[in-house]
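> Predicted coordinates and the sequence they were generated for:
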Number of protein chains: 2
Amino acid sequence: MLPYNIDHVAIAVADLDEAVQRFGELYGVAVQRREVVAEQGVEEAMLAIGGSHVQLLAPLAPDTPVGRFLDRRGEGLHHVAFAVFDIEAALEHLRSTGARLIDDEPRIGGGGHRIAFVHPSSFSGTLIELVEVEVDGA
Amino acid sequence: MLPYNIDHVAIAVADLDEAVQRFGELYGVAVQRREVVAEQGVEEAMLAIGGSHVQLLAPLAPDTPVGRFLDRRGEGLHHVAFAVFDIEAALEHLRSTGARLIDDEPRIGGGGHRIAFVHPSSFSGTLIELVEVEVDGA
């Protein structure tokens, strides 16, 4: 179950407008898509870099996963997402290795993609997201 | 100064052999290059995923930047690296925006690439590395 690509690297930020503006000043990258994902308690901005993205993530409220992350660790790298073609097969494979999954079944994430999170205890304290993509990489 | 790509996402790990093996079990990705970068006090393993890489980073000693990171925060996401074509131009641009640079001039990093780090205070607590790549992306 080779990941197809690094779909995005997510950075937790306190103020999404300010972060988008600062990232643009520093790296000249504009927002490709911006979206409230209410179920995850975040507003996210995707910034395309090559075949991948930086995702800026701001909490909708303090009592959300990203709000608690900011409270505990401050702004910074939050997770990395791998693109896969078949998310059920990927989850089944991960289960077979004893990985701890946050999502046993895929749910709908930003951009309407089917996604699932793998618990940081499964690999070196790193929160990993799987994102199902079409074969053309869309 | 648009970055060409996300060159890699780096994860700090305590035991490089163990992390390489576990990442392989979970995600089916093998090591493309493994290298001691003595000047940075690390041994690193690069694992290719699509057009980008996961870099696993283990400290050569506790009293190194990655050793201190592990002591302070534990294993986890450490930095993200953007590929650029002209690292001097990128550093000059960053300076013009008031960014704080860790490296005022490029130095040689893993794979013989010219690299420079941008201080986390410059963008949302995120350590960002620039890696100069050839136009063909090598």
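Yes, it's here.
> right, is the longest helix anywhere in chain A up against chain B?
Counting by DSSP state H, the longest helix found in chain A is helix A:16-27. Yes - using Cβ under 8 Å from any Cβ of the partner chain, helix A:16-27 comes into contact with chain B via A:19, A:22-23, A:25-27. Just so you know, the C-beta spots here come from the backbone N, C-alpha and C atoms, and that holds for glycine as well.
> what helix or strand is A:Leu56 on?
Per DSSP states H and E, A:Leu56 falls inside strand A:52-59.
> and the helix or strand where A:Ala10 lies with helix A:16-27, angle?
Counting by DSSP H and E, the element that carries A:Ala10 is strand A:5-12. For strand A:5-12 against helix A:16-27, the angle by axes from the mean of the first three to the mean of the last three Cα atoms, to 10 degrees is 120 degrees.
> what separates strand A:5-12 from the chain centre, distance-wise?
5 Å (Cα atoms, centre = their mean, to the nearest Å).
> on that earlier part again, okay, buried residues for the longest helix of chain A please.
The neighbour-count check on helix A:16-27 (16 or more other Cβ atoms under 10 Å in any protein chain shown) flags A:16, A:19-20, A:22-23, A:26-27 as buried.
> CA atoms of that helix as CSV?
Output of helix A:16-27 as CSV, limited to C-alpha atoms (Å, rounded to 0.1, in the frame of the first residue of the first chain):
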residue,chain,number,x,y,z
LEU,A,16,-5.8,31.9,9.5
ASP,A,17,-5.9,35.2,7.7
GLU,A,18,-2.7,36.4,9.2
ALA,A,19,-0.9,33.0,8.4
VAL,A,20,-2.1,33.0,4.8
GLN,A,21,-0.9,36.5,4.3
ARG,A,22,2.5,35.9,5.9
PHE,A,23,3.1,32.6,4.1
GLY,A,24,2.3,34.5,0.8
GLU,A,25,4.8,37.2,1.7
LEU,A,26,7.5,34.7,2.6
TYR,A,27,7.0,32.0,-0.1
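> one step back: what's the angle from the strand holding A:Leu56 to strand A:5-12?
30 degrees.
> contacts for strand A:52-59?
Strand A:52-59 is contacted by residues A:5-16, A:19-20, A:23, A:29, A:32, A:41-47, A:65-67, A:70, A:78, A:81, A:110, B:5-6, B:50-52, B:80, B:124 when judged by Cβ atoms under 8 Å, 6 or more residues apart in numbering or on different chains.
> Please pull up the helix or strand immediately following it.
helix A:65-73.
> ok, the next helix-or-strand element following that following helix near chain B or not?
Sequence order places strand A:76-84 as the next helix or strand after helix A:65-73, per DSSP H and E. Yes - contact of strand A:76-84 with chain B (Cβ under 8 Å from any Cβ) involves A:76-80, A:82-83.
> What is the burial count for A:Ser96?
9 (other Cβ atoms under 10 Å in any protein chain shown).
> do the same with the one 4 residues further on
As a burial measure, the neighbour count of A:Arg100 was computed by other Cβ under 10 Å and equals 12.
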